[in-house]
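> Just to be clear, the model below is a prediction. Sequence and coordinates:
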Amino acid sequence: MRRKVRIKEGFHLEAKRKKERSTLGWVMTFAGTHRGLYAVSVAVAAVGVVCGVIPYLIMGDMIHRLVEGDRNWQAYLASGLVMAAFWTARVILHSISTTCSHKATFHVLAQLRRMMCDKLSRVPLGYVKDRPSGTLKNIMMERTDSIETTLAHVLPEFTGNILAPVLVFLYMLTIDWRMALISLITLPLGLLFYSMMMIGYEENYKNVLAKTKTLNDTAVEYINGIEVIKAFGKAKTSYDRFVTAAKEGAACYVEWMRKCNIPFSLGMVVIPCTALTVLPFGGLFVRNGSLAPVDFIMIILLSVGLIQPLITCMSYTDDLGKMGTIIGEVTEILTQEELDRPKKDRARPSDHSVTLENVHFAYHDREVLHGVSMEISSGSVAALVGPSGSGKSTIAKLIASLWDVKEGSIRIGGVDIRDLSLEEYNRRIAYVSQDNYLFDDTIRENIRMGRPGATDGEVEEVARRSGCHDFIMGLEKGYDTVAGGSGGHLSGGERQRIAIARAMLKDAPIVILDEASAYMDPENEAVIQASVARLVQGKTLIVIAHRLSTVSDADRIFVIRDGRVDAAGTHGELLAQGGLYSQMWAAHMSVKDQAAKKEEGGELHA
Ligand SMILES: Nc1ncnc2c1ncn2[C@@H]1O[C@H](COP(=O)(O)OP(=O)(O)OP(=O)(O)O)[C@@H](O)[C@H]1O
């Protein structure tokens with residue numbers, strides 16, 4: 001117990017430490033082995049800047065020579081060529097620098113996405129389920145993409161735009177320190193306006209992001225729910241919601257821009273006005289003889305080139321702010337608490353029995369399982385039955401390790417599942433949920449997901465045994481038919497049979513089957529029961545049954561009521577006890593009788 005507490009504390013400290021890391025720190029973590037490329041990019045950019053500044057020195061020298069009456073035109077031509085060579089070198093170095101930073105950036109983006117995908121497979125299912133489907137996708141795709149330009153350009157260009165004015169300023173100091181300082185007078189005022197623009201930046205940007213998120217979620221919901229929207233004639237309402245979300249997003253952005261407009265314009269007007277200070281002061285110094293006219297000309301030329309790069313640098317603060325917010329969203333995902341599992345198994349399960357001991361579980365703060373205990377012996381068939389909402393699927397998901405118990409324990413072959421690595425555990429369990437999600441890929445690949453590396457022959461063999469070969473062959477492209485997102489092109493029963501084939505191919509020793517009652521027409525029920533019987537020979541099967549007749553042969557039936565085990569035993573034992581199970585059985589039989597009578601009536605009428 002103490003060990004677990006220590007592990008958890010260790011994780012939280014690590015997560016906290018990670019959360020406190022700066023945006024640049026995170027970027028360097030994501031860059032990994034490509035960090036060196038960013039360093040090369042900055043170094044090359046710096047050399048490029050020096051190459052860009054040298055022509056100014058040459059120009060200064062040329063002006064001096066001109067004023068002093070030097071008429072050696074060949075020397076001027078040579079100086080011009082040297083200047084051109086340095087400018088060309090600057091352009092080439094700039095392009096090398098940005099190529100390096102782009103390479104590193106594409107690696108960072110790929111790494112970011114890989115880490116997020118990997119993380120989502122290790123966090124409790126609830127973290128993913130509790131978010132609208134568009135949100136995570138939006139962070140992983142669009143928002144991650146949007147930092148590409150900033151990341152690829154900011155390091156080399158920031159270096160260039162800071163270093164160049166610094167070098168120019170140092171050169172100006174050597175010409176006339178008073179004029180060098182005077183040329184910067186407008187800068188503090190401009191910075192003041194700029195910082196006024198940045199007041200409430202984070203809050204405003206978060207607001208815009210929240211509105212964009214809503215717009216995105218509304219669009220995803222509109223597409224996902226299009227069937228219900230059409231069936232209930234809600235197209236206009238849903239469309240209106242989308243339009244409202246779009247309008248609110250735009251209004252929020254416009255309002256923010258309106259607030260920024262005045263300080264931004266003032267800043268942009270004031271900062272470049274160096275001439276307003278340089279010209280009168282320079283003129284004064286020339287008149288009183290403390291500044292040579294040739295130096296005055298040089299100062300005027302240099303002061304123009306001094307401010308522009310600083311303005312460009314300031315425009316990055318906006319991009320950097322956005323990038324910081326997006327990296328924040330990404331790291332929020334990456335620092336999520338993971339399922340508490342070791343990298344390697346700490347013990348070896350003795351068999352494939354499943355034991356739940358005093359399991360408590362809550363969705364957020366609402367406890368839905370209140371001390372569930374059950375023993376399922378290795379190789380046996382156990383059924384969970386009970387009213388809707390009693391907690392059957394939750395128990396299945398806890399056994400499948402999609403969530404962690406809040407209290408109590410689940411053991412496999414005597415070993416707490418929190419002592420088993422997630423990878424190893426997943427190999428031991430095949431879970432067929434009610435959702436039966438099929439990927440937008442061919443049926444063959446959807447089945448092969450059960451065991452990547454299985455041959456086409458093995459895929460077809462397992463499809464035959466799970467009763468789906470015939471209907472697959474009836475499809476236009478057979479096994480190469482694309483199942484569509486969520487398996488949209490197939491019926492519910494067909495999807496479930498493919499999901500069973502996938503689980504069968506996995507050949508895991510423990511099988512959890514959450515029966516979806518909706519697809520249980522008599523024909524489907526028979527096919528699925530037969531395929532399940534083949535699937536589970538010699539395995540531990542835990543089945544959640546909505547039709548009691550499908551599980552009356554189970555070795556042990558657990559009746560779940562209000563998050564507790566109400567009773568347990570064989571079908572006969574439970575009927576003899578006369579509790580909830582016998583009531584459910586009686587109700588089930590009466591429904592069956594009515595259905596049989598209806599069918600008979602139908603036949604008589606025919
Ligand atoms: N992701 C979730 N977030 C919050 N509450 C949930 C979530 N999933 C289930 N619940 C709640 O937990 C309780 C148990 O749900 P569960 O799905 O385990 O019941 P069930 O017995 O499997 O129901 P059914 O037979 O209808 O599938 C229900 O009250 C349900 O509303």
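Nice, thanks for sending it over.

> From now on I want contacts and neighbour counts done on CA atoms only, so please keep to that.
Fine.

> Only the buried residues of stretch 414-433, if you could.
Buried residues in stretch 414-433, defined by neighbour count with 16 or more other Cα atoms under 10 Å: 414-422, 425, 428-433.

> Just the element for the residue nearest to G305 when sequence neighbours are not counted, please.
The shortest distance from G305 to any non-neighbouring residue, by Cα to Cα, 6 or more residues apart in numbering, is to P165 (7.5 Å). Using DSSP states H and E, P165 sits in helix 148-175.

> ok, the residue nearest to G305 to the ligand distance?
57 Å (Cα to the nearest ligand atom, to the nearest Å).

> and what of I333?
In terms of Cα to the nearest ligand atom, I333 sits 18 Å off from the ligand.

> Next up, identify which helix or strand that residue is on.
helix 293-334.

> How about M196, nearest residue that isn't a chain neighbour?
Closest to M196 by Cα to Cα, 6+ apart is P263, at 6.3 Å.

> what's in contact with stretch 24-39?
Stretch 24-39 has contacts (Cα atoms under 8 Å, 6 or more residues apart in numbering) with C100, S101, K103, A104, T105, H107, V108, Q111, L112, L155, I327.

> helix, strand or coil for the third one?
Going back to what we said before, that points to K103. helix (DSSP: H, G, I helix; E, B strand; the rest coil).

> need the contact list for the nearest residue to G414 once chain neighbours are set aside.
Closest residue in space to G414, ignoring its immediate chain neighbours: P349 at 6.0 Å, by Cα to Cα, 6+ apart. Going by Cα under 8 Å, 6+ apart, P349 touches I412, G413, G414, V415.

> What separation do you get for P349 and the ligand?
27 Å.

> Am I right that that residue falls within a strand?
No - assessed with three-state DSSP, P349 is coil; it does not lie in a strand.

> Can you classify L356 by secondary structure?
Per three-state DSSP, L356 ends up strand.

> and the helix holding P165, what's its mean pLDDT?
Here helix 148-175 scores 83 as its mean pLDDT.

> Return the list of helices and strands in contact with it.
helix 35-67, helix 73-122, helix 177-182, helix 293-334 (3 or more Cα pairs under 8 Å, 6 or more residues apart in numbering; DSSP states H and E).

> Tell me what angle the last one forms with helix 148-175.
For the pair helix 293-334 and helix 148-175, the angle between their directions (axes from the mean of the first three to the mean of the last three Cα atoms, to 10 degrees) equals 150 degrees.

> which one of the helices and strands packed on helix 148-175 has the lowest average pLDDT?
helix 293-334 (a mean of 80).

> Tell me which other helices or strands that helix touches.
So helix 293-334, by 3+ Cα pairs under 8 Å, 6+ apart, packs with helix 23-31, helix 35-67, helix 73-122, helix 148-175, helix 201-224, helix 274-287.

> T186 is nearest to which of those helices?
Minimum separation from T186 across the helices and strands packed on helix 293-334 (Cα to Cα) falls at helix 274-287, 6.4 Å.

> Name the residues of the closest one that come out as buried.
Buried, per 16+ other Cα under 10 Å, within helix 274-287: T274, A275, V278, L279, F281, G282, F285, V286.

> Can I get it in CSV? Just the C-alpha atoms.
Once non-C-alpha atoms are left out, helix 274-287 reads as follows in CSV (Å, rounded to 0.1, in the frame of the first residue of the first chain):
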residue,chain,number,x,y,z
THR,A,274,13.7,57.9,-34.9
ALA,A,275,14.1,60.7,-37.4
LEU,A,276,12.1,63.0,-35.1
THR,A,277,14.8,62.8,-32.5
VAL,A,278,17.9,62.0,-34.6
LEU,A,279,17.5,64.9,-37.1
PRO,A,280,17.1,67.9,-34.7
PHE,A,281,19.7,66.6,-32.2
GLY,A,282,22.1,65.6,-34.9
GLY,A,283,21.6,69.0,-36.6
LEU,A,284,22.4,70.7,-33.3
PHE,A,285,25.5,68.7,-32.7
VAL,A,286,26.7,69.3,-36.3
ARG,A,287,26.1,73.1,-35.8
